[in-house]
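> quick one, structure for this:
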Amino acid sequence: MGSSPSAEALRVCRASPPRRSGCAPGRSSPHTYGGHISTEPRINDRIRVSEVRLVGPAGEQVGIVRIEDALRLAREAELDLVEVAPMARPPVAKLMDYGKFKYENAQKARDSRRNQTNTIIKEMKLRPKIDIHDYDTKKGHVVRFLKAGDKVKITIMFRGREQSRPELGYNLLKKLAADVDEFGFVESSPKQDGRNMLMVLGPHKKKTEARAEAAAERDRRMAEREAGQEAERSELAGIRAQHAAEPTTPRRRGPADNLDPDVDL
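Next up is the predicted model:
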């Protein structure tokens, strides 16, 4: 006759949530529930239904067929039966090459990641009383960033008594926005942020367009360089051919040709 569970064990089992614990009289270790949920569709023998709405490999509607007939058609066509809509009633399954399908989807995902644009915000810091040469240099950097399709955050840094004259920074930002108006626009108007004044410039061209134009310009320069090198090679070949076609006159031998070259005259 087995021993009955103690009152303490029964109290613990009643207090434990049933989802996390599988307590029962006489048991002390809980059970673990749940597991890994697959995100891939069910294929072939993994499809556990009696019938499916079958779609052919070219997208044609076959109709509702038994799962045995669908698997037989897949074997005859040397394809896979893939459950594409498991929540439908009955589930929708399609005949396809599942390995090729996965490969094409991976390629599409890779291309989409490659073509997506990551917004990069460059930053340029200026002083209210910046020198004209420093201003031209930093303006050139801003233009380069905008041409590349990047946003630029302009920061005016005030120090000491300069904080009492915010109009200096405001006028400088307006001047910079006007100077680079051909390549970008004011996305965020100048605003005070503590000791600094900020403004954000956005490019007229998207990142992908800027990359395409840069690649086209690079290809054009390479084509011009190759054309110049080909022209130089053609010119050298012509000069060599001209020299080879000219008649050569034998040099007349003189008395000095019979002397010993090691003897000084």
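> check which helices and strands the longest helix seen in the chain sits against.
Longest helix in the chain, counting residues (DSSP state H): helix 207-245. Of the remaining helices and strands, none touches helix 207-245 by 3 or more CB pairs under 8 Å, 6 or more residues apart in numbering; DSSP states H and E. Glycine gets a C-beta too; all of them are placed from N, C-alpha and C.
> tell me where the chain has strands.
For the chain, the strands defined by DSSP state E occupy 51-55, 61-66, 80-85, 92-96, 121-126, 151-157, 184-193, 196-203.
> which of those strands sits most buried?
strand 92-96 (a mean of 23; mean count of other CB atoms under 10 Å).
> relative to strand 61-66, how tilted is that one?
Here the directions of strand 92-96 and strand 61-66 differ by 110 degrees (axes from the mean of the first three to the mean of the last three CA atoms, to 10 degrees).
> if we can go back for a sec, of all the strands of the chain, which one is nearest Ala214?
Among the strands of the chain, the nearest to Ala214 by CB to CB is strand 196-203 (12.9 Å).
> tell me which strands that closest one pairs with, and in which orientation.
If you go by DSSP bridges, strand 196-203 pairs up with strand 151-157 (antiparallel), strand 184-193 (antiparallel).
> tell me how far the most centrally placed residue in the chain lies from Lys108.
Per CA atoms, centre = their mean, the C-alpha nearest to the average position across the chain is that of Arg114, at 3.2 Å. Note on Arg114: its distance to Lys108, by CB to CB, to the nearest Å, is 11 Å.
> same check, this time on Arg218
27 Å.
> and the longest helix of the chain, how far out from the chain's middle?
Mean-position distance between helix 207-245 and its chain equals 31 Å (CA atoms, centre = their mean, to the nearest Å).
> buried stuff in it?
207, 210 (16 or more other CB atoms under 10 Å).
> quick one: it to strand 196-203, angle?
Using the same axes, to 10 degrees: helix 207-245 against strand 196-203 is 60 degrees.
> does Lys122 really touch Lys151, like I thought?
Yes: the pair Lys122 / Lys151 is scored as a contact, 7.0 Å apart, by CB atoms under 8 Å.
> so what sits against both of these two?
Residues touching both Lys122 and Lys151 (CB atoms under 8 Å, 6 or more residues apart in numbering): Phe145.
> give me the distance between the closest residue to Tyr170 other than its chain neighbours and Lys125.
In space, and not counting its chain neighbours, Tyr170 is closest to Pro190: 5.4 Å by CB to CB, 6 or more residues apart in numbering. Remark: distance between Pro190 and Lys125 (CB to CB) = 14 Å.
> swap in Asp150?
Counting by CB to CB, the gap from Asp150 to Lys125 is 16 Å.
> could you do Ser50 as well?
Separation of Ser50 from Lys125 (CB to CB) stands at 70 Å.
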